[in-house]
Structures are given as structure tokens and as C-alpha cells.
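In: Sharing a sequence plus its predicted fold:
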Amino acid sequence: MLFENLDLIEPVLRALKTEGYETPTPIQEQAIPIILQRKDLLGCAQTGTGKTAAFAIPIIQILYDTHIPAKGKRRIKSLIVTPTRELAIQIGESFAAYGRYAGLKHTVIYGGVGERPQTDALRQGIDILIATPGRLLDLLNQGYIDFRNIELFVLDEADRMLDMGFIHDVKRIIAELPHERQSLFFSATMPSDIVKLSQTILKNPVKVEVTPEITTAEKVEQQMYMVNYADKRSLLLHLLRNQKIVSALVFTRTKHGADKVVQYLQKNGHHAQAIHGNKSQNARQKALSDFKGGKIRLLVATDIAARGIDIDDLTHVINFEIPNIPETYIHRIGRTGRAGQSGIALSFCDNTEIIFLRDIQRLISQTIPVVDDHPYLLTDFTPVKAPAKVSRKPVARQHNGQAVREISGNREVKPYNHPSSHLEPKPKRTFWSRRP
């Protein structure tokens with residue numbers, strides 16, 4: 001299957017050729033024809049599968065076909081809502097690339113920067129608006145944005161919206177949209193809350209699911225390093241002597257922890273920067289630009305800040321701290337091994353994180369190999385094998401005649417007081433016996 005086989009118009013095909021794109025990914029191959037047929041779509045796809053192009057390309061084509069050059073001001077015809085500034089900027093870059101020959105105008109609005117350039121762009125008139133929820137509602141309330149002409153609405157990264165507490169903002173936005181519209185809903189996972197939200201947005205949607213709800217990037221090699229918490233920074237330096245680590249995205253659970261790791265790395269001669277919510281937008285963009293451009297080898301990030309990072313050539317992901325939510329592990333390691341390439345995910349696990357490791361292995365139904373050939377090996381631990389997976393039987397549910405899958409059997413994992421965070425009292429440690 002080639003893009004030429006998807007009935008795309010010449011300006012879009014020319015732009016894709018300029019970008020070097022020839023073959024659509026599975027999500028693009030399935031979603032583009034559905035969207036061009038003006039049907040609502042429920043898309044379940046992991047980060048890195050090409051879903052931005054899956055909705056950007058058909059939106060550009062639809063607006064190009066229906067766009068009539070007018071003497072008056074352009075009106076917003078398409079709205080894309082996404083959770084983070086980085087992801088909004090990335091989506092804006094995609095629309096600029098795929099629509100370079102289509103004559104459409106778009107702008108990106110997000111918080112953390114001055115309003116003036118954004119309101120100026122809105123006054124001049126645009127066809128496509130990409131926005132984060134907070135700034136979108138703010139400018140809407142100030143009268144800078146008019147939803148009356150919107151024909152296409154996209155809610156991207158819906159599960160992350162839920163995680164970040166944007167669900168009420170999203171509902172307020174939806175309430176302001178025209179009733180007659182085409183809606184596209186994308187999420188990496190489909191828990192029950194996300195399914196319920198989709199039912200309030202979509203009308204007789206076609207569901208496209210190119211991966212299971214829970215999956216691990218197939219081409220990512222996973223390695224686990226058992227280490228005392230106090231030795232994690234030393235282990236990181238030890239591993240960075242390996243020149244095969246060309247670029248690495250290092251994850252911590254907290255903003256303070258990210259800054260501490262960066263300070264240690266810089267003190268020991270490594271080019272590293274941090275990216276998290278306490279950094280200014282300019283600082284975050286500079287760090288990301290330097291990382292993409294190869295000026296720095298290491299970018300240390302928290303989960304929310306890293307959600308919009310899209311780097312095809314990222315060789316390594318390093319989990320300096322094991323995430324306390326197992327699904328987060330999948331999102332993290334999905335930063336590498338993108339666009340059909342391979343990648344390596346290294347994780348540091350101390351005694352207090354063994355419970356997190358157990359839940360991750362249950363989720364992915366794998367036992368992550370433990371590397372014992374390093375100078376900081378934690379010796380007083382019992383290896384953990386993947387336990388029997390909790391039943392996650394699909395539950396059939398009908399929504400306007402369309403079958404919707406809902407996953408049952410999820411268990412909430414509550415975080416506790418780790419050395420790098422202050423959340424709630426630390427429970428009694430649990431150890432598991434060695435299995436034959």
C-alpha cells in the first residue's frame with residue numbers, strides 16, 4: 001500500500017513526497033479513508049505509530065476540497081485539542097509539512113507564553129487551530145475564538161488528558177462545539193473512563209485499533225538493572241561510557257529529581273538538560289531543540305513533559321526511576337524504537353521499586369531480563385518473574401449499534417513514599433521467593 005492508493009489530492013501527495021513519505025503506517029492506512037468518508041473515528045494507537053499524520057492528512061484534504069477563497073476573514077474549520085505544549089507544537093509542525101501546498105492557515109495556542117502573538121494570529125483568521133485545553137478556554141472566554149464554523153474536531157491523547165486532570169476542561173470545550181460536526185478521538189489506551197468519554201463525543205464511530213490496548217514496542221530491547229537508590233547516579237555515569245548510547249531520554253518521576261540528575265551529569269562533564277513543567281516554555285523548547293539537533297546527548301524528563309517528544313533517531317530510553325503506574329512504563333519505552341527502528345530501554349530498579357517491577361511485568365506478560373554485569377549490582381534482592389496476568393477479558397458493549405471494547409480487571413497501583421517523592425506512607429516491604 002502506497003499513499004498514492006489512498007485517493008489523496010496532488011498537493012498532499014506532493015508534500016508527502018517532499019517529506020520522503022511513501023508507505024502509510026497501519027493507523028494511517030486504516031484511518032485516512034474513514035475520515036475522508038466524513039465518518040467519526042475512534043482510534044486506539046500507541047505513540048509513535050503515525051497517528052498525527054493519520055488525522056492531519058485527511059483534514060487538510062477535506063478543507064482544501066471545501067475551502068473557497070473569500071475576501072473576508074478565514075474562519076476556524078478544524079480544532080485539534082491535545083494535552084501538552086510540546087505535542088501541540090509537534091502537531092502544528094505536521095500540519096505545516098503536510099499542508100505546505102494546500103494554501104491553508106493554522107496556528108498553535110498553549111499556555112506558559114504571552115497571549116499577544118496567538119491572539120494576533122486568531123484575529124487575522126485561520127483554518128486550523130491546534131490548542132491545549134487551558135489556553136483554549138481562556139481565549140474562548142475572552143472572545144478571541146469562535147467555534148461556530150468548526151466542521152472537524154480532534155481529541156488527541158485522550159488518556160493523557162484524563163491523567164492530567166483535563167477531563168472537565170475537555171467537557172466544557174465539547175459543550176461549546178457545533179452539534180453537527182465530524183469528530184475524531186485518539187487514545188493510546190481504552191480504559192472504561194475513556195470509552196465513556198468517547199461516547200459523549202462520537203456518533204456511530206468506526207473503531208480503528210492497530211495495536212492491543214496494552215503493548216510493548218516490539219523492537220525495543222528491554223534491560224533491568226538492580227541497584228541501590230544511592231548508586232543510581234553512579235550507574236548512570238558507568239553506562240554512559242558506552243558510546244553506543246548516542247542519545248538518551250532519561251526519565252524521573254519528579255521535577256526535582258530531574259534537576260538533580262542534570263546537575264550531577266553536568267558536574268561530571270556530560271551535556272544534559274531537563275524538561276519539565278517548572279521550566280519556562282522557551283527553556284523547554286531550547287532543550288528539546290538542542291536534543292533533536294545533537295547539541296546535547298541527554299535529556300532528562302518527567303512523564304508529562306515527555307509526552308510530546310517525537311524523535312525518530314532516539315537510541316536509548318533510561319528509566320532512572322521505575323514508574324509507579326505500569327502503563328507509564330509502556331509510554332516511556334515507546335519513545336525509542338519509533339518509525340520502524342530499533343531501540344533500547346534500560347531501567348534502574350531498587351528494593352523499594354520491586355513492587356512496581358512486578359506490576360509492569362504482569363501488564364506486559366514478560367520477565368524483563370536482569371543485567372548483572374555491572375559494578376553496582378544490588379545483591380540482596382530476589383529476582384521477580386512475571387506473575388500470572390490479571391484477567392483482562394474484553395467486555396462487549398454496544399454504542400449506537402457499534403461494538404466498543406472495554407477492559408475489565410484493572411487494578412489501581414497507588415504510589416507511596418519513594419526517596420524521590422513525598423506521596424503517602426511507605427507500606428511494609430514485600431519480598432517474593434525465587435521460583436524454579
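Out: Perfect, I can see it now.
In: all strands of the stretch 1-150 of the chain, in order?
Out: Assigned by DSSP state E, counting those that start in this stretch, the strands in the stretch 1-150 of the chain fall at 41-44, 78-81, 106-109, 128-131.
In: Restricting to C-alpha, output the last one in PDB.
Out: It refers to strand 128-131. In PDB, the C-alpha atoms belonging to strand 128-131 read as follows (Å, rounded to 0.1, in the frame of the first residue of the first chain):
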ATOM      1  CA  ILE A 128      -7.000  25.000  11.600                       C
ATOM      2  CA  LEU A 129      -6.500  25.600  15.300                       C
ATOM      3  CA  ILE A 130      -4.300  23.300  17.500                       C
ATOM      4  CA  ALA A 131      -4.600  24.000  21.200                       C
END
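In: Quick one: list the elements packing against the helix of greatest length in the chain.
Out: Counting by DSSP state H, the longest helix found in the chain is helix 51-66. In terms of contacts (3 or more Cβ pairs under 8 Å, 6 or more residues apart in numbering; DSSP states H and E), helix 51-66 is packed against helix 10-19, helix 26-36, strand 41-44, strand 78-81, helix 85-98, strand 152-155, strand 182-187. From N, CA and C alone the C-beta is placed, and that goes for glycine too.
In: surely residue 164 meets residue 87?
Out: No - counting by Cβ atoms under 8 Å, residue 87 is not a contact partner of residue 164; they are 11.3 Å apart.
In: Compare these two (neighbour count), which wins?
Out: Neighbour count, other Cβ atoms under 10 Å: between residue 164 and residue 87, residue 87 has more, with 23 against 17.
In: Next, format the helices and strands packed on helix 51-66 as JSON lines and append mean pLDDT and distance to residue 268.
Out: Listed next are the helices and strands packed on helix 51-66 as JSON lines, based on pLDDT from 0 to 100; distance: least, Cβ to Cβ, whole Å:
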{"stretch": "helix 10-19", "mean pLDDT": "94", "distance to residue 268": "39"}
{"stretch": "helix 26-36", "mean pLDDT": "95", "distance to residue 268": "41"}
{"stretch": "strand 41-44", "mean pLDDT": "94", "distance to residue 268": "42"}
{"stretch": "strand 78-81", "mean pLDDT": "98", "distance to residue 268": "41"}
{"stretch": "helix 85-98", "mean pLDDT": "91", "distance to residue 268": "27"}
{"stretch": "strand 152-155", "mean pLDDT": "97", "distance to residue 268": "43"}
{"stretch": "strand 182-187", "mean pLDDT": "95", "distance to residue 268": "40"}
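In: Residues touching the longest helix of the chain, excluding its own?
Out: With Cβ atoms under 8 Å, 6 or more residues apart in numbering as the test, helix 51-66 has contacts from 8-9, 11-12, 16, 21, 24-25, 27-28, 31-32, 35-36, 38, 43, 45, 77-78, 80, 90-91, 94-95, 98-99, 102-104, 127-128, 151-152, 154, 156, 184, 186.
In: that older thread, I'd like the strands of the stretch 1-150 of the chain as TSV, with distance to residue 316 appended.
Out: TSV is the format used below for the strands of the stretch 1-150 of the chain (distance: least, Cβ to Cβ, whole Å):
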stretch	distance to residue 316
strand 41-44	27
strand 78-81	31
strand 106-109	29
strand 128-131	30
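In: To residue 377, which of these lies closest?
Out: Distance to residue 377, taken as Cβ to Cβ, is lowest for strand 41-44 among the strands of the stretch 1-150 of the chain, at 39.2 Å.
In: From the chain's centre, how far out is the closest one? Work that out for me.
Out: Relative to its parent chain, strand 41-44 has a centroid offset of 15 Å by Cα atoms, centre = their mean, to the nearest Å.
In: now swap in stretch 270-277 and tell me
Out: 19 Å.
In: quick one: residue 255 from residue 284, how far?
Out: From residue 255 over to residue 284 the distance is 12 Å, taken as Cβ to Cβ, to the nearest Å.
In: Residue 233 now?
Out: As judged by Cβ to Cβ, residue 233 and residue 284 stand 23 Å apart.
In: Which segments of the protein make up each domain?
Out: Listed by automatic domain parsing, the domain ranges of the chain are 3-209, 220-364.
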